[in-house]
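Colleague: Output the structure for:
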Amino acid sequence: MRIVAGKYGSRHLKTPGKLRVRPTSDRLRETLFDILGPSVVDSLFIDAYAGTGAVGIEALSRGARRAIFVEIARGAVALIRQNLAMLGATADAEILHEDALKGLARLHARGERADFLFLDPPYEDIEEYHGTFDLLAHSAPLKPTGLVIIEHRSTFPLPEFAGKLESYRRVRQGDATLSFYRLMPGE
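Modeller: Sure thing, here's the model as predicted:
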């Protein structure tokens, strides 16, 4: 697993080993950041269900001002810390060691508003996706122009709308799909 581009480009990250996480593939991360392009520069990027932290670290590598990682698994949190330290990126990062839904609610309550909110719940945990949409429908820690990107199994359709969020793009790559959401006009 490596950082695809930017100031940490081609650097390898520590892999999850025996941890039960499914990292976003290098190819899918490259596709994601090709779509986001230069809008990542100087952004606040939240990586929820962060796993190895590869997506948030890729955002930092491509110029994000700050990345917040939300992860509940102790081993994954340690792995994110190791990867950030190895790259010298700890000053631009914050790790919330808690359940993703609680972490996102806490970020909203403290006034954090992200340019990008990336969510990658466990593919098999359908209830987690439903809980995520319930939270996002009411209190997404998102700027008015911000985007929510959700990675999910291609065979699992996500809703077109979640409260004030609307889906506007889906990108399929093998068994994974990235679904992009934005606030509806006037929200």
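Colleague: Give me the contact list for stretch 159-172.
Modeller: 31-32, 35, 133, 136-138, 140, 148, 154, 158, 177-184, 187 (C-beta atoms under 8 Å, 6 or more residues apart in numbering). Every C-beta, even on glycine, is put in place using the N, C-alpha and C of the backbone.
Colleague: Residue 179 is in contact with residue 154, isn't it?
Modeller: No - using C-beta atoms under 8 Å, residue 179 is not in contact with residue 154, being 10.3 Å away.
Colleague: More neighbours: these two, which one.
Modeller: Taking neighbours as other C-beta atoms under 10 Å, residue 179 and residue 154 compare with residue 179 leading, 21 against 13.
Colleague: Show the pLDDT at that one.
Modeller: Residue 179 is assigned a pLDDT of 96 by the prediction.
Colleague: Low-confidence stretches in this protein?
Modeller: Residue ranges of the chain with pLDDT under 70: 16-22, 186-187.
Colleague: redo that, cut-off 90
Modeller: 1-26, 121-141, 156-157, 161-164, 183-187 (pLDDT under 90).
Colleague: Now do the strands in it.
Modeller: Shown for the chain, the strands assigned by DSSP state E span residues 44-48, 66-71, 93-97, 114-119, 142-153, 161-162, 165-173, 176-183.
Colleague: Which of those strands has the highest mean neighbour count?
Modeller: Most buried of the strands of the chain, by mean neighbour count (mean count of other C-beta atoms under 10 Å): strand 44-48, with a mean of 28.
Colleague: and it, how far from the chain's centre?
Modeller: 5 Å (C-alpha atoms, centre = their mean, to the nearest Å).
Colleague: what packs against that strand?
Modeller: helix 54-61, strand 66-71, helix 100-109, strand 114-119 (3 or more C-beta pairs under 8 Å, 6 or more residues apart in numbering; DSSP states H and E).
Colleague: Quick one: residues in contact with that strand.
Modeller: Contact with strand 44-48 is made by 53, 55-56, 59-60, 64-70, 100, 103-104, 107, 112-120, 141, as judged by C-beta under 8 Å, 6+ apart.
Colleague: go again using 6 Å as the cut-off
Modeller: Residues from elsewhere that reach strand 44-48 (C-beta atoms under 6 Å, 6 or more residues apart in numbering): 55-56, 59, 64, 66-70, 100, 104, 114-119.
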